[in-house]
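Asks: Compute the structure for the input listed below.
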Amino acid sequence: MFITTLIASDRLDAADLARARTLLNEAGCAPEAPAWIDEGQAADIAFLHDATAARTAIEDAFAGIDIVVQPAAHRRKRLLIADMDSTMIAQECIDELADYAGLKPQIAAVTEAAMRGELDFAAALDARVALLAGLGEDAIERCLAERVTLTPGARTLVQTMRAHGAMTILVSGGFTRFADAVGKAIGFDRVIANRLLIEGGALTGAVAKPIVDSATKEATLRAACAERDLTLDQAMAVGDGANDLPMLRAAGLGIAYRAKPVVAAEADARIEQGDLTALLYAQGIPRSEWVTS
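Replies: From the prediction side, this is the model:
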C-alpha cells in the first residue's frame, strides 16, 4: 500500500481531491477514497500500485500544492536528519559572513555552484573559507544576530517529531558557531558541523579537518539508525543542495526542500510551496498534534 499526500500552501478543496483520485486511477494505481488530515490543508489518498506512476501522474498537476508519494509502512518517522543552510534557516551562512568582509558576490557564486553539484564540496569550502582569513571573530556573532532567520515551520517540525519520540539531528556543511545556536533555537537533539579555526580573535582562513561533507551526512543517518535499532525506512532526511543527496537517497523518505534542480530531480519528494510543517503532513500528523510553543 502507498499513500499520496496533497499539501496546500493556501487551500485544498474536494475538487482537487477528486481530480487527484482520477489521475491516480488513470495511471492504474487503484486509489481509495481521499481522507482529510486537516480539512482544506492536507489530505491522503491511499493506493495499491506503482509509486513511480503515481508521482508521474500527479506531482506537477496542481498549482500551489505539494505532493508526497510514499509507502504506507513506517510513514511516521523515528529519525530526522536535516541540513541547515537554506533548509532549517533561510540563509547560506558563509555567504552572509562573507558580506562582512565585502566578499559576498564572489563567495556566493561558489556556494551556488557547489550546491548545484558542479564543484567538489570540500575543496569549494576550503577555497571560500580561505578568502575570509583575517575577518574578525566578532563578525560571526553579528551575522548570527543580524542575518540568520529560522525557516518557517522549522521549530514546529522538530519539536513535534521529538514529542512523538523521534531523534532529530542537524548535520551541516556550515559552521558550528552558527549550527550550535540554530540547533538550540529549533530544538535538535544533536548538531554536527564544521569548525572554523580562529586565532587572535580572527579567522585563520581554515576549517578543522575532517570536513563535514555529503559522506558525513549519510554516515550520520546510518549510524543514528543503528544506534536506535531503526531501519532506514524509518528515517526522514531533508535538504536542498547536492551535498545532501547521499543522505536523501539513503533515508526512507528523502525530501528536497526548495532545492536545487539536481536535488529535486532525485529526491523522493519535493516541497516547493509550503513551509517545513509540510513534513509533518507527509507523516499524516494533523495540526492538533503539532507542538507550536
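Asks: and the residue of the chain positioned farthest from its centre, what pLDDT?
Replies: The centre of the chain is farthest from one residue, G200, which by C-alpha atoms, centre = their mean lies 35.6 Å away. Looking at G200, its pLDDT is 96.
Asks: Is Q70 bridged to anything, and to what?
Replies: I3 (DSSP bridges).
Asks: Distance check, it against D38.
Replies: 18 Å (C-beta to C-beta, to the nearest Å). Heads up, the C-betas are built off the backbone N, CA and C, glycines and all.
Asks: Among the two, which residue is more densely surrounded?
Replies: Each of Q70 and D38 has its neighbours counted (other C-beta atoms under 10 Å); Q70 has more, 23 against 16.
Asks: Can you list the buried residues in stretch 213-221?
Replies: Of all the residues in stretch 213-221, those buried under the rule 16 or more other C-beta atoms under 10 Å are 213-214, 216-221.
Asks: ok, which stretches of the stretch 51-200 of the chain are helices?
Replies: 51-58, 93-99, 104-115, 121-130, 138-146, 154-163, 176-186 (DSSP state H, counting those that start in this stretch).
Asks: what about the nearest residue to Q106 once chain neighbours are set aside, distance to G200?
Replies: Take Q106 and drop its neighbours on the chain: the residue closest to it by C-beta to C-beta, 6 or more residues apart in numbering is L131, 7.0 Å away. According to C-beta to C-beta, L131 and G200 sit 18 Å apart.
Asks: do the same with A259
Replies: 39 Å.
Asks: again, but for R222
Replies: Taken as C-beta to C-beta, the span from R222 to G200 is 39 Å.
Asks: Kindly report the same for A133.
Replies: Distance from A133 to G200, by C-beta to C-beta: 12 Å.
Asks: ok, and the closest non-adjacent residue to N25?
Replies: P31 (5.7 Å).
Asks: which ones are touching the one you found?
Replies: By C-beta atoms under 8 Å, 6 or more residues apart in numbering, the contact set of P31 is 4, 20-21, 24-25, 45-47.
Asks: Please repeat the previous calculation with a cut-off of 6 Å.
Replies: 21, 24-25, 45, 47 (C-beta atoms under 6 Å, 6 or more residues apart in numbering).
Asks: do the same with A133
Replies: G205.
Asks: what's the answer for the one 10 residues further on, then?
Replies: By C-beta under 6 Å, 6+ apart, C143 lies in contact with 96-97.
Asks: about what we covered before: among the contacts of P31, which two are most distant?
Replies: N25 and I45 (10.0 Å; C-beta to C-beta).
Asks: ok, these two, which is more surrounded?
Replies: Between N25 and I45, counting by other C-beta under 10 Å, I45 is the more crowded of the two (24 against 14).
Asks: secondary structure class for that one?
Replies: With DSSP: H, G, I helix; E, B strand; the rest coil as the basis, I45 sits in strand.
Asks: so it bridges to which residues?
Replies: T4.
Asks: got it, and A8?
Replies: With DSSP bridges as the rule, A8 is bridged to I65.
Asks: since we're on it, how many residues are nearby?
Replies: 21.
Asks: just checking, it touches I65?
Replies: Yes - the pair A8 / I65 is scored as a contact, 5.3 Å apart, by C-beta atoms under 6 Å.
Asks: Distance check, I3 against Q283.
Replies: Taking C-beta to C-beta, one finds I3 at 10 Å from Q283.
Asks: Quick test: name the residue nearest the centre of the protein.
Replies: V238 (2.6 Å).
Asks: Distance of that one relative to R270?
Replies: From V238 to R270 the distance is 10 Å (C-beta to C-beta).
Asks: before we move on, what about R177?
Replies: Applying C-beta to C-beta to R177 and R270 gives a distance of 30 Å.
Asks: CA-only coordinates of the top helix by length along the chain, as CSV, when you get a sec.
Replies: Identified as the longest helix of the chain according to DSSP state H is helix 214-228. C-alpha atoms of helix 214-228 as CSV (Å, rounded to 0.1, in the frame of the first residue of the first chain):
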residue,chain,number,x,y,z
SER,A,214,28.0,14.6,2.0
ALA,A,215,29.6,11.4,3.2
THR,A,216,29.4,12.6,6.8
LYS,A,217,25.7,13.3,6.4
GLU,A,218,24.9,9.9,5.1
ALA,A,219,27.1,8.2,7.7
THR,A,220,25.3,10.2,10.5
LEU,A,221,22.0,8.9,9.2
ARG,A,222,23.1,5.3,9.1
ALA,A,223,24.8,5.4,12.5
ALA,A,224,21.8,7.0,14.1
CYS,A,225,19.6,4.3,12.7
ALA,A,226,21.9,1.6,14.1
GLU,A,227,22.0,3.4,17.4
ARG,A,228,18.2,3.4,17.7
